[in-house]
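*Asks:* Coordinates for the following, if possible.
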Amino acid sequence: MKNRYLIIGIMASLLVPSLTSCDDRLDIDEHGVSPISTFYTTDSEADEAITAVYSKWSSVFNPLHAMVNLLSDECWSGGGNHYDGSYYRLADYTFDTDYATISTLYQDLYNVIYASNVVIENVKSESDIMKRAIAEAKVFRAMSNFYLVTLWGTPPLVDHTLKAGEYSQGNCDQTAMWALIEKDLTEAISSGALTEKSSATDKTYRITKQYAQALLGKTYVFEKKWSDAVTVLDQVISSGKYTLYNDYSNLNTIVGECNSECLFEINRPTDTANPSLNFDMTWDYGGLRGEKYTYTNSSTLCNRTWGFFNPTKALYDAFVAEEGQNGYRLHNTILTYQQLKDEQGATIVSGMNITDNEGYYDFKNRILASDFCMPYNPPKNFRFMRLAEVYLLAAEANLEAGNATKATQYVNVIRKRAGVADLATTTLNDIKNEKRLELCFEMVRYQDLIRWGDAAKVLADKGSKYPTLNADGTVTYTTINATADHGFKTGKNELLPIPATEIQVNPNMKQNTGW
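*Replies:* Okay, here's the model as predicted:
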């Protein structure tokens, strides 16, 4: 990107003498293009501009979902075999500075920031639609910066559209980055322009005031500003705009899209005429490896999915320890292979095996047979936050702020829906465990493990071996290499590497420690 701008700049400078000698007959407006100085002056143009931001944000999901889930202890890489594609490098912690998924996410987040800056700087605050577009753009910029600062630590802070000579931004001051996130969210919330649902049963795919508040509360939790977090998260809960969804079995399926507890999700319409449009967004919601299973007619599952992201035995065991093998929440989150056969009529083809599977399946994010899934690409919406996370963030904030009673109350709201007995008191470990179970596969745990200081212990052995589920239900493990450079390493993996391409073209950027 930067090299391209450099080349364009050189070409422009070489052309200047000849252009200035020409007459005005060459000064012709380009057909079909509106100059930026005259665009963004109508509601429709403002709406078009913010729609572009929504579209760019939808591109963030795929690399983000893959990366933060695989870097946690929740799932195996999967696919056709352990080395299918390159996701295994995330799961094994053998990625390096030029790993594509990391570079893609880094670039996608800055693409969102650029588009947001364009809206913030150019749309006029002359109508409700324009004001809403500006407020939403500030939330999108805050979201992007939240992931940048929590994953990379000190990436460039870009709070305006960069001009020539400004492209090589250096590492940010982390305090300034957090301050910008707070400022953007606070201004968006106080603008009065963000959408608000009239009731919990309303549906909206827009950024809402309550989502902005929830993200601000999450920001305060990461900054350990406990009292501030309590205030804003309690406002979301007490607003009455969202309630826990009562159908846990469809919480994350197409059936439950835009349900009463989804604070923000990206909508993916079904386009049967252009199935490839869904590919880069939803294909990695794994399910079953299509060609390796047979199905009965009674199966409700789509039989054309890719088999990535199979739950770990450690996660399943954590569920069992808390709610037993027949737990309501467990049964609607993870199925064992035996349950898969008995309840869903799916059986491994004789002679085949399933790599990166310990006999457990992500039922929470399952793709249904009734969904459009040909070829292997269901139009599944992407949830970025739901009310259950708000309750658990608020529980942690209240506990740290000294209100253990309120913290216990919030945790028990989640446990009641899960069919688990109330806690009499709540500790931080209780909240950690509840988040692990309730929010698994939802792009939450990895950054929590980092901020809690638990990552080194929990993730140390990642990549030392991988499992294979055989057709008879037994599981075997393959040691990858006892001396391989795998697993989480203190002093290095607390942050992701700044992409190698960024370091190469930007002399002002310093690489993160250990990379």
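*Asks:* Work out the gap between the longest helix seen in the chain and the centre of the chain.
*Replies:* Longest helix in the chain by number of residues (criterion: DSSP state H): helix 43-70. Offset of helix 43-70 from its chain centre (C-alpha atoms, centre = their mean, to the nearest Å): 11 Å.
*Asks:* Give the next helix or strand downstream of it.
*Replies:* Next along the chain after helix 43-70, taking DSSP states H and E as the criterion, comes helix 88-92.
*Asks:* Enumerate the positions of that next one that are buried.
*Replies:* Residues of helix 88-92 classed as buried by neighbour count (16 or more other C-beta atoms under 10 Å): 88, 89, 90, 91, 92. To be clear about C-beta, it is placed using only N, CA and C from the backbone, and glycine gets the same treatment.
*Asks:* For the residues you listed, give me JSON lines that also has distance to residue 417 and pLDDT.
*Replies:* Putting the buried residues of helix 88-92 into JSON lines (distance: C-beta to C-beta, whole Å; pLDDT from 0 to 100) gives the following:
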{"residue": "88", "distance to residue 417": "35", "pLDDT": "94"}
{"residue": "89", "distance to residue 417": "37", "pLDDT": "95"}
{"residue": "90", "distance to residue 417": "31", "pLDDT": "95"}
{"residue": "91", "distance to residue 417": "30", "pLDDT": "95"}
{"residue": "92", "distance to residue 417": "35", "pLDDT": "95"}
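*Asks:* Tell me the one among those residues nearest to residue 427.
*Replies:* Of all the buried residues of helix 88-92, residue 427 sits closest to residue 91, with 30.0 Å by C-beta to C-beta.
*Asks:* okay but the closest one is in contact with residue 77, surely?
*Replies:* Yes. Counting by C-beta atoms under 8 Å, residue 91 does reach residue 77; the two are 4.2 Å apart.
*Asks:* So for the two, which residues contact both of them?
*Replies:* Common neighbours of residue 91 and residue 77, using C-beta atoms under 8 Å, 6 or more residues apart in numbering, are 70, 356.
*Asks:* quick one: low-confidence parts of the stretch 251-400 of the chain?
*Replies:* 269-287, 372-379 (pLDDT under 70).
*Asks:* need the strands for it, in chain order.
*Replies:* Secondary structure of the stretch 251-400 of the chain (DSSP state E, counting those that start in this stretch): strands at 262-266, 293-295, 334-336, 346-348, 353-355, 360-362, 382-386.
*Asks:* returning to that earlier point: mind listing what's buried in the longest helix of the chain?
*Replies:* So, applying 16+ other C-beta under 10 Å, buried residues of helix 43-70: 45-46, 49-50, 53-54, 56-70.
*Asks:* Same check on stretch 468-476?
*Replies:* For stretch 468-476, by 16+ other C-beta under 10 Å, it's 468, 469, 470, 475.
*Asks:* wait, is the first one part of a strand?
*Replies:* Yes. Assessed with DSSP: H, G, I helix; E, B strand; the rest coil, residue 468 lies in a strand.
*Asks:* Might one say that it is in contact with residue 475?
*Replies:* Yes. Using C-beta under 8 Å, residue 468 makes contact with residue 475 at a distance of 6.8 Å.
*Asks:* Now do the shared contacts for the two.
*Replies:* With C-beta under 8 Å, 6+ apart, residue 468 and residue 475 have common neighbours residue 357.
*Asks:* Now residue 41: closest residue in space, sequence neighbours ignored.
*Replies:* residue 124 (6.7 Å; C-beta to C-beta, 6 or more residues apart in numbering).
*Asks:* Closest to residue 257 out of the buried residues of helix 88-92?
*Replies:* residue 90 (27.1 Å).
*Asks:* quick one on the thing from earlier: want to throw the buried residues of stretch 468-476 into a markdown table with distance to residue 360 and pLDDT?
*Replies:* Below are these laid out as a markdown table (distance: C-beta to C-beta, whole Å; pLDDT from 0 to 100):
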| residue | distance to residue 360 | pLDDT |
| --- | --- | --- |
| 468 | 13 | 97 |
| 469 | 9 | 96 |
| 470 | 14 | 95 |
| 475 | 10 | 97 |
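*Asks:* circling back to that earlier point, so who does the residue nearest to residue 41 touch?
*Replies:* Applying C-beta under 8 Å, 6+ apart, the residues near residue 124 are 40, 41, 130.
*Asks:* next one: phi and psi at the second one?
*Replies:* Main-chain dihedrals, residue 41, degrees, to the nearest 10: phi -100, psi 0.
*Asks:* from what I can see residue 156 touches residue 176, true?
*Replies:* No. Look at residue 156 against residue 176 with C-beta under 8 Å: they stay out of range, at 11.0 Å.
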